[in-house]
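Enquirer: structure for this input, please:
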Amino acid sequence: MKNENLVPKVRFKGFSDPWEQRKLGDLFEYERPDKYIVNSDQYSSNGIPVLTANKSFILGYTHENNVYNKGKSIIFDDFTLDMKFVNFPYKVKSSAIKILTAKNNINLRFGFELLKHTKFTQEGHARHYISIVQPTKVKVPIKAEQIQLSNLSSIVDSLIAANEDELEQLKTLKKLLMQKIFSQEWRFKGFTDPWEQRKLSDVVKRITRKNKKLESTLPLTISAQYGLVDQHTFFDKQVASRDVSGYYLIKKGEFAYNKSYSNGYPVGTIKRLEKYSEGVLSTLYILFKPVQVDSQFLVTYFEGNMWYTEIMKRATEGARNHGLLNIAPKDFFEMNLFIPTIDEQVKVGIIIQVVDDLIAANEDKLQQLKELKKYLMQNMFV
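Expert: You can find the predicted model right below:
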């Protein structure tokens, strides 16, 4: 009877034998890095990269052939357990880095995945290769099955990398569009009139409705990344008071300004309620709805940083209270905006929305690919 502990849940057709238990030291050749160690972060004049023992193995030089992904060996760090493929030539900065090459009984990429998913015992601070990694027992299939697993892993990794590149390109495109459109350097065909300066109070209406009748018991918060979201989902708990009758009631399509500043968001964030029909917000927020401006254009406008200067001019100088920028609602609505005609506003909103939809679709696809990789590693490895 086969040992179920040596048989993965998911396998390629044609493979049924149980995997064998082996020591990692039986699978990898360990090369002492002494002769490769250098004392400089810089790379030599002939372009040999320097790898440092930190979380990301920073290259002193970006090799045109990508030394990480087309490697013939594995760089293994004792302390972070980070691993990368590496190609020759190279230099290393720390003896914590180990250089591993596959023996004849193991496929290199399979071994790479095996190392990444092996749980090592830890003794104090160190995870020394010779004393801990080499004797660690792992389970491996025959070479033919290793190659199949390696090929599948490589395909999925390539898809993930391609989607990550595409996502980065889309985000760069959006940034470029925002810069060019709001500087009026790029205009839609048929639009030549300069944008007008308007006060925010001219194009929106402040909302101060209270949740007196408890129309909603859904407490919201503003996330710079995710917009207006349920506190329970975002914080895994409710931060709001139990009695939310004194909170503002916000409805779908209305905007809220969170004066709380954070890294990358020095004046806070402004978001439109998208996910829910209504919710409640602390009275520390400033709420409003568009009346003389396209709603999607306003979403796009507040995603940029054009309004930062206006906020800083009106905030009380040097006064930041418990992480909140000190700006009164009256001063907030005195903010100046530069806006085009309504027809051009609509076009601006649409083009940025199209890019946002592409970004969201790409992010979903990327997450699915990562979940697929996770599933494969959990179910195709013993």
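Enquirer: confirm residue 157 sits in a helix?
Expert: Yes - according to DSSP: H, G, I helix; E, B strand; the rest coil, the state of residue 157 is that of a helix.
Enquirer: just checking, it touches residue 373?
Expert: Yes - here residue 157 reaches residue 373: they are 7.3 Å apart, a contact under C-beta atoms under 8 Å. Every residue, glycine included, has its C-beta placed from N, CA and C.
Enquirer: now residue 349, nearest residue through space, not along the chain?
Expert: residue 296 (3.1 Å; C-beta to C-beta, 6 or more residues apart in numbering).
Enquirer: may I see the buried residues of the helix or strand where residue 313 lies?
Expert: Using DSSP states H and E, residue 313 falls within helix 308-314. Buried residues in helix 308-314, defined by neighbour count with 16 or more other C-beta atoms under 10 Å: 310, 311, 314.
Enquirer: find the nearest non-adjacent residue to the last one, please.
Expert: In other words, residue 314. residue 331 (4.1 Å).
Enquirer: likewise the first one?
Expert: Nearest-residue entry for residue 310: residue 335, 4.2 Å, with adjacent residues in sequence omitted and distances by C-beta to C-beta, 6+ apart.
Enquirer: show me what contacts the one you found?
Expert: Neighbour list for residue 335: 199, 200, 307, 310, 311, 314 [criterion: C-beta atoms under 8 Å, 6 or more residues apart in numbering].
Enquirer: now the helices for this structure?
Expert: Using DSSP state H, the helices of the chain run over 108-116, 143-182, 200-203, 231-235, 295-303, 308-314, 329-332, 342-380.
Enquirer: quick one: average confidence on the longest one?
Expert: Helix 143-182 carries an average pLDDT of 94.
Enquirer: repeat that for the fourth one.
Expert: Helix 231-235 carries an average pLDDT of 74.
Enquirer: so where's the stretch 1-150 of the chain uncertain?
Expert: Along the stretch 1-150 of the chain, the model assigns pLDDT under 70 to residues 1-4, 32-71, 78-82, 87-90, 93-94, 121-127.
Enquirer: what is the burial count for residue 175?
Expert: Using other C-beta atoms under 10 Å, residue 175 has 12 neighbouring residues.
Enquirer: for it, give its distance to residue 305.
Expert: 11 Å (C-beta to C-beta, to the nearest Å).
Enquirer: again with residue 196
Expert: On the measure of C-beta to C-beta, residue 196 and residue 305 end up 20 Å apart.
Enquirer: before we move on, what about residue 142?
Expert: To residue 305, residue 142 is 57 Å away according to C-beta to C-beta.
Enquirer: could you do residue 22 as well?
Expert: Residue 22 sits 56 Å away from residue 305 when distances are taken as C-beta to C-beta.
Enquirer: tell me which of the two has more neighbours.
Expert: Just comparing residue 22 and residue 305: by other C-beta under 10 Å the higher neighbour count belongs to residue 22, 16 against 13.
Enquirer: who touches the more buried one in this structure?
Expert: Going by C-beta under 8 Å, 6+ apart, residue 22 touches 105, 137, 138, 139, 140.
Enquirer: top of those by number of neighbours, please.
Expert: residue 140 (23 neighbours).
Enquirer: identify the bridge partners of that one.
Expert: With DSSP bridges as the criterion, residue 140 is bridged to residue 20.
Enquirer: isn't it up against residue 24?
Expert: No - between residue 140 and residue 24 there is no contact under C-beta under 8 Å: 9.8 Å.
Enquirer: tell me the one among the buried residues of helix 308-314 nearest to residue 217.
Expert: Distance to residue 217, by C-beta to C-beta, is smallest for residue 311 among the buried residues of helix 308-314, at 31.5 Å.
Enquirer: which residue, other than its chain neighbours, is closest to the closest one?
Expert: Nearest residue to residue 311, sequence neighbours excluded (C-beta to C-beta, 6+ apart): residue 267, at 4.2 Å.
Enquirer: can you give me the neighbour number for that neighbour?
Expert: If you count neighbours by other C-beta under 10 Å, residue 267 ends up with 19.
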